[in-house]
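Enquirer: Have a look at this prediction, sequence included:
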Amino acid sequence: MKPALCLLVASLMMNTAVASPPVPPDAQKRPHPVKAPFGAVREDEYYWLRDDERKDPAMLAYLAAENAYTDALMAPLKPLQDTLYGEIVGRIKQDDASVPYRERGYWYYTRYETGKDYPVHARRKGDMQAPEEVLLDLNAMAAGKGYFAVDDMEVSQDNRLLAWAEDDVGRRQYTIRFKDLVTGEALPDVIQGVSANVVWADDNRTLFYVENDPETLLTVRVKKHVLGTPASSDALVYEEEDDSFYMGVGRTRDDRYITIGVDSTVSSELRYAPAADPQAFTILAPRARDVEYDADHFHGRWVIRTNADGAKNFKLVTAPDGATSRAQWQDWVTHDPQVLVEGFELFDGFTAIAERAEALERVRLLFGDGRSEFVKADEPAYSMGLSVNAEPETDWLRYSYTSLTTPSTTYELNVKTGERRQLKQQPVIGYDPSLYVTERVWVDARDGARVPVSLVYKKGFNKDGSAALYQYAYGSYGMSMDPYFNQSVVSLLDRGMVYAIAHIRGGEEMGRHWYEDGKLLNKQNTFNDFIDVTRALVAQGWAAKGRVAASGGSAGGLLMGAVANQAPDDYRVMVAQVPFVDVVTTMLDASIPLTTNEYDEWGNPEQKRYYDYMLGYSPYDNVRAQAYPALFVGTGLWDSQVQYWEPAKWVARLRDVNTGTHPIVFRTNMEAGHGGKSGRFQRYHELAESYAFVLSQLDVAH
């Protein structure tokens, strides 16, 4: 540690060495005006905590001081944390493996070994009795690294070569590497500064990938790399000029085409080229504002999911091979205002459509003769979706099913005979689903909207208004938080708590309108829904008013920050992980990674009406003198999606004005990004710490 850093840590922590209980750090204030283009100015006294290089000694000292304070405050809870960690990890079958799937003559799967953090990716030729070929052993690759992830890997069409994208920092800035699967040797080719997205051409020597901007991390260029040539000479295939779009590459279902897809919040565009000779890319349909689409190619035609022509909940259309405009689109599955079409998979003889209605997922089978039927579900609240269906030449559909009481289960259904096989259910050691109950209830929000809520609790629960409640939500980007099984939550249920997922506006649980009613100038609905759900559950006897915990991460952390400001008396404790709490300042700065892609989600604060609206709820800007709930705030130093300085500044300002006595702890993982530590066990240390904090604040028996 540098001398200046040592002195500052000592200064910040001097009081904690002699005081009991420990005294939190007090960050220095430095005047800094934040200006908007139209003249508005805000004072941000903690702006200095931002360091894009992550090297400033004063900033690092403050984070170290906060970690030390958290260590001291949490020390009495270490036995409980260890107990929770042991329970959670004890439910994991350590030598587990995924359901194998077949592709081009090989069976692919992922397996874990006892005591090891990372997966082994492997395959077997012909059948599962053949010798195992290890593609990647992430345990060996991650050795000596504080963080490691492989987020995309693709085998060439001739099954001989492997390309993958790895990240050893957590910033989601990837490096592509290659392996010869015949010899087992690593190839010398290396491509840096890219996204986790790779596609092989049919020549088995050319790889398409997406290059990131090194500062904003926006996906800006598609390039192609020919094995054996320097990455510096890789040819530019396509460059996106509009910085509000994300970009990705893929292959169609029939392997005929390589695609380049660009998507913003409100618009899409797809290009395609023959995988056998991907020289010239053709636009399937030119982009248009408020028209979104995604497409796949099979049996000589395009099948397209789109919201064009007022299909707010999306519909399916078809287009001929070689299509170049929306004028060639023909309706196939028409729009239903009560049913959201979320995706589809094309097979010989049928199509599987992922849909959502009344806040529940379902899978519809559409046959060539026009008839359709639904895959059956067994519970009132559940999550169902398409699984890996790598090959279209089959009568068997694989799908996943789970609920708050049912561990993740993979089924395959014969669409001709109706036979259903359970291929695997996530093993949960010591867990008996018959001891738990899940329910779906509805809450009337203050403006009359009916908000669905998924609940789970242990049998024997007495709905008498005395229990502790853990309420979770997200509520942004149209991401639906479905009621899936979470084995960690069992530790809460076994201690008599109720766990609730509030399906608030900003997600798409109730269709596209549910999302649109919780974004831009409707964002306050997201916060109101969460608060109204809490108040209703307390009024209905699900919990005691003083025993409610709230939890959310990323944009769900923004939710926590806004709710903490607006309704602090409704919550005893909150967990905000990687929270997006400095909305206005971040959205004013286009150099911050991913900001420009978000204008149609939050608004562009360079425009006064959006500036004023966002300023009205931005958690950092609305911290005021009042008693706040106990807060557990977590971040990662290398987070590229929500920069570490947002929660750091928020906590510093909360410490200045909080009139309450409940503790605020701030944990920074110095070796992680947005998703926390890598490895299947490491993240449970962090979760157990936040759970211990919550249980102690709610006075739940340990």
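Expert: Cool, the structure landed.
Enquirer: Wasn't residue 665 part of a helix?
Expert: No: under DSSP: H, G, I helix; E, B strand; the rest coil, residue 665 sits outside any helix and is assigned strand.
Enquirer: contacting residues for it?
Expert: By C-beta atoms under 8 Å, 6 or more residues apart in numbering, the residues touching residue 665 are 69, 70, 73, 74, 631, 632, 633, 693. No exception for glycine: its C-beta is placed from N, CA and C like everyone else's.
Enquirer: Out of the residues you listed, flag the one nearest to residue 544.
Expert: Nearest to residue 544 among the contacts of residue 665 is residue 693, at 18.6 Å by C-beta to C-beta.
Enquirer: three-state assignment of that closest one?
Expert: Once three-state DSSP is applied, residue 693 turns out helix.
Enquirer: ranges for the helices of the stretch 101-250 of the chain?
Expert: Secondary structure of the stretch 101-250 of the chain by DSSP state H, counting those that start in this stretch: the helices cover 138-142.
Enquirer: what ranges do the strands span in it?
Expert: With DSSP state E, counting those that start in this stretch as the criterion, the stretch 101-250 of the chain has strands at 101-103, 106-111, 120-125, 132-137, 149-155, 161-167, 174-180, 186-200, 206-212, 219-226, 235-239, 246-251.
Enquirer: Would you reformat the ones you listed as TSV and include mean pLDDT, mean neighbour count and distance to residue 300?
Expert: Formatted as TSV, the strands of the stretch 101-250 of the chain follow (pLDDT from 0 to 100; neighbours: other C-beta atoms under 10 Å; distance: least, C-beta to C-beta, whole Å):
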stretch	mean pLDDT	mean neighbour count	distance to residue 300
strand 101-103	97	16	22
strand 106-111	98	18	27
strand 120-125	98	18	31
strand 132-137	97	16	33
strand 149-155	94	18	25
strand 161-167	97	22	29
strand 174-180	97	20	33
strand 186-200	96	18	21
strand 206-212	96	23	24
strand 219-226	96	20	26
strand 235-239	97	14	25
strand 246-251	96	19	16
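Enquirer: a markdown table for those, including distance to residue 61?
Expert: Formatted as a markdown table, the strands of the stretch 101-250 of the chain follow (distance: least, C-beta to C-beta, whole Å):
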| stretch | distance to residue 61 |
| --- | --- |
| strand 101-103 | 50 |
| strand 106-111 | 41 |
| strand 120-125 | 40 |
| strand 132-137 | 38 |
| strand 149-155 | 29 |
| strand 161-167 | 27 |
| strand 174-180 | 31 |
| strand 186-200 | 30 |
| strand 206-212 | 31 |
| strand 219-226 | 35 |
| strand 235-239 | 41 |
| strand 246-251 | 36 |
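Enquirer: I'd like to know which of those is closest to residue 551.
Expert: Proximity to residue 551, assessed across the strands of the stretch 101-250 of the chain by C-beta to C-beta, is greatest for strand 149-155 (23.7 Å).
Enquirer: The closest one - which strands sit beside it in the sheet, and in what orientation?
Expert: As defined by DSSP bridges, the strand partners of strand 149-155 come to strand 161-167 (antiparallel).
Enquirer: for the closest residue to residue 630 other than its chain neighbours, what are its contacts?
Expert: Excluding the flanking residues, the one nearest residue 630 by C-beta to C-beta, 6 or more residues apart in numbering is residue 662, at 3.8 Å. Residues counted as contacts of residue 662 (C-beta under 8 Å, 6+ apart) are 572, 573, 627, 628, 629, 630, 631, 697.
Enquirer: Tell me the spacing between residue 662 and residue 534.
Expert: 17 Å (C-beta to C-beta, to the nearest Å).
Enquirer: next one: residue 412
Expert: From residue 412 to residue 534 the distance is 40 Å (C-beta to C-beta).
Enquirer: What's the PyMOL syntax to select whichever of the contacts of residue 665 are buried?
Expert: This is how PyMOL selects the buried members of the contacts of residue 665, with burial counted by 16 or more other C-beta atoms under 10 Å:
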select buried, resi 69+70+73+74+631+632+633+693
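Enquirer: Could you check how many residues crowd around residue 599?
Expert: Look at residue 599: counted by other C-beta atoms under 10 Å, it has 21 neighbours.
Enquirer: Apart from its neighbours in sequence, what residue is nearest it?
Expert: residue 244 (6.1 Å).
Enquirer: phi, psi of residue 512?
Expert: For residue 512, the backbone dihedrals are phi -60, psi -30 (criterion: degrees, to the nearest 10).
Enquirer: That one is in contact with residue 311, isn't it?
Expert: No: using C-beta atoms under 8 Å as the test, residue 512 is too far from residue 311 to be in contact (9.2 Å).
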